[in-house]
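# Fold the following and give me the result.
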Amino acid sequence: MGLTDTLAARFDVEEHGSDVRTELVAGLTTFLAMSYIIVVNPFILAEAIQLPGYEFFEVVQMIAIATVISAAIGTAVMALYANRPFGLAPGLGLNAFFAYTVVLGLGIPWETALAAVFVEGVLFMLLTAVGAREYVIRLFPEPVKRSVGAGIGLFLLFIGFQELQIVVPDDATLVTLGGIFGNPWAILGLLGLAFTFGLWARGITGSIVIGILTTAVAGWGLTLAGVFERGAITPETLPSAQYDITPLAGAFVEGLAQIDPLTFVLVVFTFFFVDFFDTAGTLIGVSQFGDFLDEDGDLPDMDKPLMADAVGTTAGAMLGTSTVTTFIESSAGVEEGGRTGLTALVVAGLFLASLAVIPVVAAIPEYASFIALIVVGVMMLQGLVEVDWDDPAWAVSAGLTVTVMPFAYSIADGLAAGIIAYPLIKVAVGEYDDVALGQYALAALLVAYYVLQTRDVIL
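This next block holds a predicted model:
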């Protein structure tokens, strides 16, 4: 039996209406569609992770390696255990919450934030193992679950616009449009964004990573041609290749000794909640493309891909990166015909192969990498169509979930606003019986927390 036959038999390729060649092409397609995370995740997390004795771009390279390895681990488990064609990696939005809300916003040490991700991953594995997914899903209001992706998307858009200096601080209005065409950084970012959106609109596979690399090449071309000085639109210096991640890996252990219990529980809860439902929503959405859902609209054996996500998250925290989740870009590979774990195995292999080009990551200007935040942010807004805007409880709960996230610069605050609003509106319209006891209890706990937090009693 040849390699092709062995792979086909191992992943039941024919039974799923596919063939090995199609699975290989689908795997390459998914990798190209999601590989931008190798560049984007390190730049986001490096804003919050500082290692004494190491320069910014050395830390970027360490995080890139942790990103690649954790993605490979999670996706390999998806392939070999769940036999599903889904790719996993540290998720956009989850990394923004880690960096901007938890570490930079709340002032929690990054080691402690990694500890929270680790605990979340372990809890995820335990709950998945005992089949508790259905209970957890029922506990949170439906409009929050349907709108959380769009809220994260809007948050990513806000961050991306600021990083590209398209939106800048203003004393009178808090934010305003920046001086774009007097700023080469913003000009290049805007042109790269337009180019990337054009590729995406035309359905070009890997449009985000192509846009990032093209924008970076343009910036370096202008620098080397003498149009701009080194350091203006490109890094002033480049570090040597940095493959030693020992200062980063295992840092979560130190973080476990530095926790404020109440704040730590809230952070773990938010990581858990966003990851759990983001993954569940992504799995259902991608499965629709591949006709994997049963007659009740559920994904059979969903606990297996959820376990792959949990293993990836736990491994990622140990290596030094934020929460690993299933990527919506997996739909690109599914549309190419990927139907089994062989597609995911190809994705995992390509992630490992990308370790050879890690030093290139440090040469990519930040304005190029942050293009991905805006493009992915726009994609995530599609979730708004799933909200029943005619229902007052849905409209208020979902509306607050989506808008509070960017305005408060916190995914956690947006989730809390939606969770608290849902039972309040249900009671106001006389539909209090529609709210579960657990939903009332959760809303009450969150109200108590924010009363204490906004009075500076707790962090």
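# could you list every residue that touches the residue nearest the centre of the chain?
Centroid-nearest residue in the chain: Gly91, 1.9 Å away (criterion: C-alpha atoms, centre = their mean). Counting by C-beta atoms under 8 Å, 6 or more residues apart in numbering, Gly91 touches Asp275, Asp278, Ser322, Thr323, Val324, Thr325, Phe327. All C-beta spots, glycine's among them, are computed from the backbone N, C-alpha and C.
# Give me the below-cutoff pLDDT ranges for the stretch 151-300 of the chain.
Applying pLDDT under 70 to the stretch 151-300 of the chain flags the ranges 239-240, 277, 281, 285, 288-289, 296-298.
# cool, and the stretch 351-459 of the chain?
Within the stretch 351-459 of the chain, the stretches with pLDDT under 70 are 457-459.
# if I've got this straight, Thr325 is in a helix?
No: secondary structure of Thr325 (DSSP: H, G, I helix; E, B strand; the rest coil): strand, not part of a helix.
# ok, now how distant is the residue lying closest to it once chain neighbours are set aside from Ala186?
Among residues not flanking Thr325 along the chain, Gly91 sits closest, at 3.8 Å (C-beta to C-beta, 6 or more residues apart in numbering). Using C-beta to C-beta, to the nearest Å, Gly91 is found at 27 Å from Ala186.
# For burial, what's the neighbour tally of Arg21?
11 (other C-beta atoms under 10 Å).
# Whichever helix or strand it is part of - contacts with which helices or strands?
Per DSSP states H and E, Arg21 falls inside helix 20-34. Here helix 20-34 touches helix 3-10, helix 207-224, helix 330-335, helix 341-353, going by 3 or more C-beta pairs under 8 Å, 6 or more residues apart in numbering; DSSP states H and E.
# right, and the helix or strand after the longest one?
Spelled out, that is helix 207-224. As assigned by DSSP H and E, the chain's next helix or strand after helix 207-224 is helix 251-255.
# Name the residues that touch that next one?
109-118, 317-318, 320.
# Show me what counts as buried in that helix.
Ala251, Phe252, Gly255 (16 or more other C-beta atoms under 10 Å).
# mind checking how far the last one is from Leu114?
Relative to Leu114, Gly255 is positioned 5 Å away (criterion: C-beta to C-beta).
# Between helix 341-353 and the longest helix along the chain, find me the angle.
Looking across the chain with DSSP state H, the single longest helix is helix 261-290. Angle of helix 261-290 versus helix 341-353, following axes from the mean of the first three to the mean of the last three C-alpha atoms, to 10 degrees, is 120 degrees.
# Check what contacts stretch 109-127 and list those residues.
Contacts to stretch 109-127, defined as C-beta under 8 Å, 6+ apart, come from residues 48-50, 98, 102-103, 133, 136, 251-256, 258-259, 264, 267-268, 271-272, 275-276, 306-307, 309-318, 320, 322-323.
# Give me the buried entries from these.
Here, 16+ other C-beta under 10 Å leaves 48-49, 98, 102-103, 133, 136, 251-252, 255, 259, 264, 267-268, 271-272, 275-276, 306-307, 309-318, 320, 322-323 buried among the contacts of stretch 109-127.
# re earlier: show me which pair in the contacts of helix 251-255 is furthest apart.
Among the contacts of helix 251-255, the pair separated by the greatest distance (C-beta to C-beta) is Pro109 and Met318, at 16.7 Å.
# My read is that Leu222 contacts Ile233, right?
Yes: in terms of C-beta atoms under 8 Å, Leu222 counts as a neighbour of Ile233; the distance is 6.6 Å.
# The two: who's more crowded?
Neighbours per residue, other C-beta under 10 Å: of Leu222 and Ile233, the larger number sits with Ile233, 23 against 16.
# So Glu431 sits against Ala393, correct?
Yes: Glu431 lies in contact with Ala393 (C-beta under 8 Å); the separation is 7.2 Å.
# what sits in contact with each of these two?
Joint contacts of Glu431 and Ala393 (C-beta under 8 Å, 6+ apart) do not exist.
# The two: who's more crowded?
Taking neighbours as other C-beta under 10 Å, Glu431 and Ala393 compare with Ala393 leading, 23 against 14.
# Okay, and the more buried one sits in which element?
Assigned by DSSP H and E, Ala393 belongs to helix 392-408.
# likewise Thr75?
Per DSSP H and E: Thr75 is located in helix 56-77.
# again with Ala89
Secondary structure assigned from DSSP H and E places Ala89 in strand 88-90.
# Next up, the contacts around the closest residue to Val324 other than its chain neighbours.
Spatial nearest neighbour of Val324, chain neighbours left out: Gly312 (3.5 Å); criterion: C-beta to C-beta, 6+ apart. Counting by C-beta under 8 Å, 6+ apart, Gly312 makes contact with Ser70, Ala71, Ile73, Gly74, Thr75, Val77, Leu88, Gly121, Val324, Thr325.
# Would you mind checking those residues for buried ones?
Neighbour-count burial (16+ other C-beta under 10 Å) applied to the contacts of Gly312 gives Ser70, Ala71, Ile73, Gly74, Thr75, Val77, Leu88, Gly121, Val324, Thr325.
# farthest pair in those?
Farthest-apart pair in the buried ones among the contacts of Gly312 is Thr75 and Gly121; separation 15.4 Å (C-beta to C-beta).
# quick revisit: out of the buried ones among the contacts of Gly312, the closest to Pro359 would be?
Of all those, Ala71 has the smallest distance to Pro359: 18.3 Å, by C-beta to C-beta.
# what's the spacing between that closest one and Phe86?
Ala71 sits 12 Å away from Phe86, going by C-beta to C-beta.
# ditto for Val429
39 Å.
# Kindly report the same for Ser369.
From Ser369 to Phe86 the distance is 24 Å (C-beta to C-beta).
# Which residue of the two possesses the greater neighbour count?
Higher neighbour count among Ser369 and Phe86: Phe86, with 32 against 24, using other C-beta under 10 Å.
# Among the buried ones among the contacts of Gly312, name the least confidently predicted one.
The member of the buried ones among the contacts of Gly312 with the lowest pLDDT is Thr325, at 90.
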